[in-house]
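Enquirer: Predicted model, plus sequence, below.
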Amino acid sequence: MNKDIIINETKIFVKNKLLSEGTGHDWYHIKRVYNLSTYLCEKENGDEFIIKMVALLHDIDDWKFSNNHNTTEDFLKSINVDKESMSKIMKIIKTMSFKGGVQDSTQDSIEGKIVQDADRLDALGAIGIARAFAYGGSKNRVIYDPHIKPMKFKSLEDVKNANNHTINHFYEKLLKLKDLMNTNTAKHIAEERHRFMELFLNEFYYEWNFHKDL
Ligand code: ADP
Ligand code: NI
């Protein structure tokens, strides 16, 4: 099959699956990661087909909201993606997620580095802040509880079971991401978005403590 047709088929498949997803992994997240990945690919040079396919499919089997972990592979088989591309795509998707920082997510290919950067950039800045609170809300977590300090996770089970609040997520993940970017292009974008999150947190604590004594 022609690569453009495969990409289009994949867009339709993913859009149908994630359009009304409510944890911040909706179709528009995928679209932003796709566009950012394409931009990074132009600057950093990688295989555009692999990058686009990974960007589109990277959240379909995610443990955070999906129970079936073979959907992506089944789909790739159904549209006759060649074996070599399929194994490249699957390898990146299976390893690129942060997962509380408890698993090695190092990418050895430029394609993996690029989509991982794009996915992480979308967790930063104003949109990243909105996504974090959307995710926290979907797990019934409070916005903030000053008595619960940031956690050090040892296993994926710890990450899944944590009785946490969303402000902690900034310290457990979001503020660390700028130093974990793979490509220089993404590093620059991450620095700007990082600064905005620091501004947000300062204002948040300022308002939290406003007339604290009333
Ligand atoms: P990853 O799989 O690398 O964690 P995703 O693309 O699945 O990345 O996106 C994770 C999104 O969900 C990010 O925007 C992240 O901030 C949000 N998220 C994940 N875990 C939490 C959490 N415990 N609290 C708040 N937001 C979270
Ligand atoms: Ni994602």
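Expert: Everything's here; your move. Numbering: from 1, shown residues only. Ligands and ions are numbered 1, 2, ... in the order given.
Enquirer: Any part of the biggest helix by length in the chain near ligand 1?
Expert: In the chain, assigned by DSSP state H, the helix with the most residues is helix 184-208. No: Helix 184-208 stays out of contact with ligand 1 when judged by CB under 6 Å from any ligand atom, the minimum separation being 10.6 Å. C-beta coordinates here come from the backbone N, C-alpha and C atoms, glycine included.
Enquirer: Kindly export the lowest-mean-pLDDT helix or strand in the chain (C-alpha atoms) in PDB.
Expert: Across the helices and strands of the chain, mean confidence by mean pLDDT, DSSP states H and E is lowest for helix 156-161: a mean of 82. The C-alpha trace of helix 156-161 is given here as PDB (Å, rounded to 0.1, in the frame of the first residue of the first chain):
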ATOM      1  CA  LEU A 156       4.700   1.000  37.900                       C
ATOM      2  CA  GLU A 157       2.300  -0.300  40.600                       C
ATOM      3  CA  ASP A 158       3.400   2.600  42.800                       C
ATOM      4  CA  VAL A 159       2.600   5.000  40.000                       C
ATOM      5  CA  LYS A 160      -0.800   3.500  39.300                       C
ATOM      6  CA  ASN A 161      -1.900   3.300  43.000                       C
END
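Enquirer: Please shift the residue numbers so they start at 160 in all later answers.
Expert: Shifting the count to begin at 160 puts that one at helix 315-320.
Enquirer: what about the closest residue to residue 303 other than its chain neighbours, distance to ligand 1?
Expert: In this structure, residue 303 finds its nearest non-sequential neighbour in residue 326, 4.3 Å apart by CB to CB, 6 or more residues apart in numbering. Going from residue 326 to ligand 1 by CB to the nearest ligand atom, to the nearest Å gives 9 Å.
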